[in-house]
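**Q** test case, fold it:
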Amino acid sequence: MKHRSPRLAVRAILVQEQRLLLVNAYPGTRSDLWCAPGGGVEPGLSLPDNLRRELHEECGIEVAVGPLALVNEFHDPKSGFHQVDLFFRCSFAGAGLPTGWRDPEGVVSRRRFFERQELAGIRLKPDSLAAIAFSEGTAAHYDPLEEIVP
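**A** Okay, the predicted model is just below:
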């Protein structure tokens, strides 16, 4: 196993009308895993600027980036892959979710809003996302390191 530096990523917690925006970043129906939209940080851009870029690419939306709400990290002990996700509370800065949007890079295959009660019926990572997304707390939460899921 080769030791590598952790990959840093930013993600959006965007709740509108008590519904959380999630994406499926697998082609077709290859995986049923849903997560918050976002992606890898590019050097030279601030964390909020990276998140705005990712949300525009993946979902076709403009967002206002708010406070940090969650830090989650996961790894694959076999390959040495390790990622740290920083989740920021966000809100729409322009129009809502456009219909017919396609991720130009083909990373996000599906995107939609989920009501809180629907989240129990889907595969979602990180496990704490629903509780954090719908909480009123202002302090950031840390999720301990966990193994990556397929």
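
**Q** what kind of secondary structure is A131 in?
**A** Under DSSP: H, G, I helix; E, B strand; the rest coil, the three-state class of A131 is helix.

**Q** can you get me a residue count around it?
**A** A131: 13 surrounding residues under other CB atoms under 10 Å. From N, CA and C alone the C-beta is placed, and that goes for glycine too.

**Q** end to end, how far does stretch 131-144 reach?
**A** 15 Å (CA to CA, to the nearest Å).

**Q** could I get the average pLDDT for it?
**A** Stretch 131-144 comes out with an average pLDDT of 90.

**Q** next: stretch 103-114.
**A** If you average the pLDDT values across stretch 103-114, you get 87.

**Q** and that stretch, what's buried?
**A** By neighbour count on 16 or more other CB atoms under 10 Å, the buried set for stretch 103-114 is D103, V108, S109, R111, F113, F114.

**Q** tally of neighbours for Q18?
**A** Neighbours around Q18, by other CB under 10 Å: 10.

**Q** got the CA positions of stretch 84-92 in PDB?
**A** Taking C-alpha atoms only, stretch 84-92 is exported to PDB below (Å, rounded to 0.1, in the frame of the first residue of the first chain):
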ATOM      1  CA  VAL A  84     -11.700  14.500   4.100                       C
ATOM      2  CA  ASP A  85     -15.100  16.100   3.200                       C
ATOM      3  CA  LEU A  86     -16.000  19.500   4.500                       C
ATOM      4  CA  PHE A  87     -19.700  20.100   4.500                       C
ATOM      5  CA  PHE A  88     -21.000  23.700   4.300                       C
ATOM      6  CA  ARG A  89     -24.500  24.900   4.800                       C
ATOM      7  CA  CYS A  90     -25.600  26.500   1.500                       C
ATOM      8  CA  SER A  91     -28.600  28.300   0.000                       C
ATOM      9  CA  PHE A  92     -29.700  29.100  -3.500                       C
END
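
**Q** could you point out the longest helix of the chain?
**A** Counting by DSSP state H, the longest helix found in the chain is helix 47-59.

**Q** same question for that helix, mean pLDDT?
**A** On average, the pLDDT along helix 47-59 is 95.
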